[in-house]
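> Here's a sequence, model it:
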Amino acid sequence: MATRKKTATAKTAAKKTTGKTPKAATATVVRQQRALQRQVDAGDRRRQGAPAQKRKAGAAQAGKRRQPVKMPAQHLRKPGNEHELELQPRFLAVEYQGSGKLKGMSAIVTGGDSGIGRAVAVLFAREGADVAIVYLDEHDDAQLTCEHVEKEGRRCLLIPGDVRDSAFCDAAVAQTVEAFGGLDVLVNNAAFQLHCDAIEELSDEHIRQTLETNIGGYFHMARAAVPHLRQGGSIVNSGSETGLFGSKSLLDYSATKGAIHAFTMALASQLQPRGIRVNAVAPGPVWTPLNPADKRAKDVAAFGRDSAMGRPAQPEELSPAYVFLASPVTASYVSGAVLPVMGGPHG
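Numbers count the residues shown, from 1 in each chain. Next up is the predicted model:
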């Protein structure tokens, strides 16, 4: 009965959202993303695909439990639902023991319905934080994340909407502050990614979708959150190895991730006198819905094989880095850092 009550509470919280982005607007975003995806898929079919990457001999396992190496050849529709993946990403970090590093704090995680965001939300809760999940419209995934946050004994708020809409971001922060009594940590993690192998085929709408989500959304959320962050609060941004090294098929995505790294360092300098830290995590390949909702199925099957470890990371291998940067217990003297979590040296 307790589980049913928690689920009902989570659903009620989602329905009571005061966000300014109406349901019809988020549905429009989904249609736009899927239209872009169909355009790119059509371009893929017109050209002969490059030969698949050869798999390295063996994949490295550096943790206590072995992580998956073989990925399914699967292509998802945008925006990408985690529950549709044939291989479910690992996010529980079962061996991670919480120790109160975020005790009594409250946090917002954008893109918290799945992938890295889900794993971060669960560990934040395990460390004692209440968590608001901001997501586009992946309601089933967000509900599951919420249930796992509540299993950790913390409160969870579901806030669906579009981070490209600054009014929605203002409302999402206000709703979180009202529900939890304050705000201590913002994790900017929501992202749009769609490959394009030729710059001539990169449409204006494709560029806008990527820029407005990946860097515009970070600005909107940070601007809304900063007035509420107390001394000792922090912002953790999700960067990427593509922001450091680029990706020939992800020109726009790489550009936004490079911008996120620069934004992180600049905002850290601006907020330092106020005792607010700003850092970023730069992941390598991670098994989340983002890539199967972008890449061709045959490329998804080879995803992560060209990384230093010969496999993609699982979200639970990334989330402790976010805890480290968010907590004043572990990172009180860390600000303006871009922490690479790539499994080893690039290339």
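> can you pull out the strands in this protein?
Under the criterion DSSP state E, strands of the chain are mapped to 106-110, 130-135, 156-160, 183-188, 229-238, 277-283, 338-341.
> List the neighbours of the first one that are in contact with it.
Applying Cβ atoms under 8 Å, 6 or more residues apart in numbering, the set of residues contacting strand 106-110 from outside is 117, 120-121, 124, 129-135, 163, 172-173, 176, 180-190, 217, 221, 225, 326. For every residue, glycine as well, the C-beta is placed using N, CA and C.
> Swap in 6 Å and give it another go.
Contacts to strand 106-110, defined as Cβ atoms under 6 Å, 6 or more residues apart in numbering, come from residues 117, 120-121, 124, 129-134, 163, 176, 180, 182-190.
> just how off-centre is it within its chain?
11 Å (Cα atoms, centre = their mean, to the nearest Å).
> Now do it against strand 183-188, angle only.
10 degrees (axes from the mean of the first three to the mean of the last three Cα atoms, to 10 degrees).
> and what of the second one?
Between strand 130-135 and strand 183-188, the angle formed by their directions is 30 degrees, by the same axes, to 10 degrees.
> who does strand 130-135 pair up with?
Paired neighbours of strand 130-135 in the sheet (DSSP bridges): strand 106-110 (parallel), strand 156-160 (parallel).
> all helices of the protein, in order?
2-15, 23-46, 115-126, 139-151, 166-180, 204-211, 217-225, 242-245, 251-271, 297-301, 319-326, 328-331 (DSSP state H).
> contact partners of the last one?
Judged by Cβ under 6 Å, 6+ apart, the contacts made with helix 328-331 from elsewhere in the structure are 101, 232, 324-325.
> Then the longest one?
By Cβ under 6 Å, 6+ apart, the list of residues contacting helix 23-46 from outside reads 78-79, 136-137, 162, 194, 201, 206, 296.
> switch to 7 Å and redo it
Contacts to helix 23-46, defined as Cβ atoms under 7 Å, 6 or more residues apart in numbering, come from residues 77-79, 136-137, 160-162, 192, 194-196, 201, 203, 205-206, 209, 296.
> Count the neighbours of the nearest residue to Q231 once chain neighbours are set aside for me.
Spatial nearest neighbour of Q231, excluding adjacent residues (Cβ to Cβ, 6 or more residues apart in numbering): G275 at 3.6 Å. Neighbourhood size, G275 [other Cβ atoms under 10 Å]: 15.
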